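Participant: have a look at this prediction, sequence included:
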Amino acid sequence: MAEDPAEVTFWRRHTRTGVVLSVICGVLVTASAWVQPAHPHRVVLTVFDAVATSCVLLVLLLPVGRLVRARGGRLFPYTWTVASLVITVVATVLDGPAGPTTDTPVRLMYFLSVGFMAVAYPPGAVAVLGGTAVLADLATALATQVPADRVVVPVGMLATAVLVATWAALGRQELREQHRAVRRELAVLADTDPLTGCLNRRAFLQRLQDRIAHPAPGASLHLVDLDGFKAVNDTAGHAAGDELLVRVADAVRRAAGGTGTVARLGGDEFAVLAGPGDRAALAEAVRAQVGRAGAAHGVTASVGSTPLRAGDDPADAVRRADEAMYVAKAGGGDRAADAPTPAGHPGEPGERRGPRGRRGAVLR
């Protein structure tokens, strides 16, 4: 029912408002009974209002934030509304007509319930619960022998109020869905590189941190830097460079498959966050796919890879992959290199020092 902190805050405030209104109504009903001369159920009505008010105050102790976020969160406000209608019915019967030509003012509480629903409930709930309020008002009016001329107009006005409240709830729901769609779109835009559609650097680093916090055996990080990309911008123009970056992003996504997370870190640098699998095979697939995508411009890829393990520091993991990527570049580019095993972890087969004495294993 509540999808974000703002909606949780709204329901908490709405609940507190409902408690305050219920207490005020209880006080007014009791006061009305005592100002009427010779009210037949004055004491019983006072005791009933006191008990009902005490129960309403207990709502303040409920974990509203958790309730509205739960899967069946709608049961909380709906149950409260049904209980309020039952209380209104009982109070109306106990109060009874104030005279032979009048009826009880307690019936006005039905209007308050309908207005309270219109502010927060979906249109279907407003229609059903509001219709229940209309039937309850009609039944209690007849049960307390309210004069006919005092039944038709109030019940008709309450039914009209339910229709208006349902219409208002429908408009509010449409506006809420539009706001949610905008928030979702803004969240996607905040995490996405506008040119390639990949994750941006900020979002990728957050994913990396989350992955390290919940590591999977065999997870790995790959940094990809394009060889010869600057020449494309210098000779063919930035439009051609942008087009090539889009093709490269698609190529890296194909190589990463459905389980890998691809990001553009900036310029001509990409990253892949991969789950369990053959790290060397993935790095080689990225190199090959990028090579095919950039063949027309002579652009290739240098790929640096590193394993991810529990306890890794995200910045250190990026540094290891970056060093391995520069090992690949130092070897002439168009190749992949693997970072050494992080300190404190057992070594892995095939790891060795790369060219120029830099630590790292050249995979191709």
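Facilitator: On my side now, so go ahead.

Participant: stretch 297-317 - what's its average pLDDT?
Facilitator: In this model, stretch 297-317 carries a mean pLDDT of 91.

Participant: next one: it to chain centre, how far?
Facilitator: 31 Å (C-alpha atoms, centre = their mean, to the nearest Å).

Participant: so where is the chain shaky, pLDDT-wise?
Facilitator: 1, 97-103, 340-364 (pLDDT under 70).

Participant: after the longest helix along the chain, which helix or strand is next?
Facilitator: Using DSSP state H, we find that the single longest helix of the chain is helix 149-191. Beyond helix 149-191 in the direction of the C-terminus, DSSP states H and E gives the next helix or strand as helix 201-213.

Participant: strands of the stretch 201-350 of the chain, residue ranges please.
Facilitator: 220-227, 261-266, 269-274, 300-307, 335-338 (DSSP state E, counting those that start in this stretch).

Participant: could you say what helices and strands the fourth one packs with?
Facilitator: Meaning strand 300-307. Counting by 3 or more C-beta pairs under 8 Å, 6 or more residues apart in numbering; DSSP states H and E, the packing neighbours recorded for strand 300-307 are strand 220-227, helix 279-293, helix 314-330, strand 335-338. In short, each C-beta sits where N, CA and C put it, glycine included.

Participant: give the buried residues for the second one.
Facilitator: By neighbour count on 16 or more other C-beta atoms under 10 Å, the buried set for helix 279-293 is 279-280, 282-291, 293.

Participant: would you convert these into JSON lines that also reports distance to Pro194?
Facilitator: Converted to JSON lines, the buried residues of helix 279-293 look like this (distance: C-beta to C-beta, whole Å):
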{"residue": "Arg279", "distance to Pro194": "30"}
{"residue": "Ala280", "distance to Pro194": "33"}
{"residue": "Leu282", "distance to Pro194": "26"}
{"residue": "Ala283", "distance to Pro194": "27"}
{"residue": "Glu284", "distance to Pro194": "30"}
{"residue": "Ala285", "distance to Pro194": "26"}
{"residue": "Val286", "distance to Pro194": "22"}
{"residue": "Arg287", "distance to Pro194": "26"}
{"residue": "Ala288", "distance to Pro194": "27"}
{"residue": "Gln289", "distance to Pro194": "22"}
{"residue": "Val290", "distance to Pro194": "21"}
{"residue": "Gly291", "distance to Pro194": "26"}
{"residue": "Ala293", "distance to Pro194": "20"}
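
Participant: so what's Val299 up against?
Facilitator: Remark: with contacts taken as C-beta atoms under 8 Å, 6 or more residues apart in numbering, Val299 is in contact with 226-229, 232, 244, 248, 290, 293.

Participant: check Ala285 too.
Facilitator: So Ala285 contacts Ala255 (C-beta under 8 Å, 6+ apart).

Participant: what does Ala52 give?
Facilitator: 22, 26, 87, 91.

Participant: what's the answer for Asp250, then?
Facilitator: Ala293.

Participant: what about it, distance to Phe76?
Facilitator: Distance from Asp250 to Phe76, counting by C-beta to C-beta, to the nearest Å: 47 Å.

Participant: hang on, the earlier thing: can you say which of the contacts of Val299 are buried?
Facilitator: 226-227, 229, 232, 244, 248, 290, 293.
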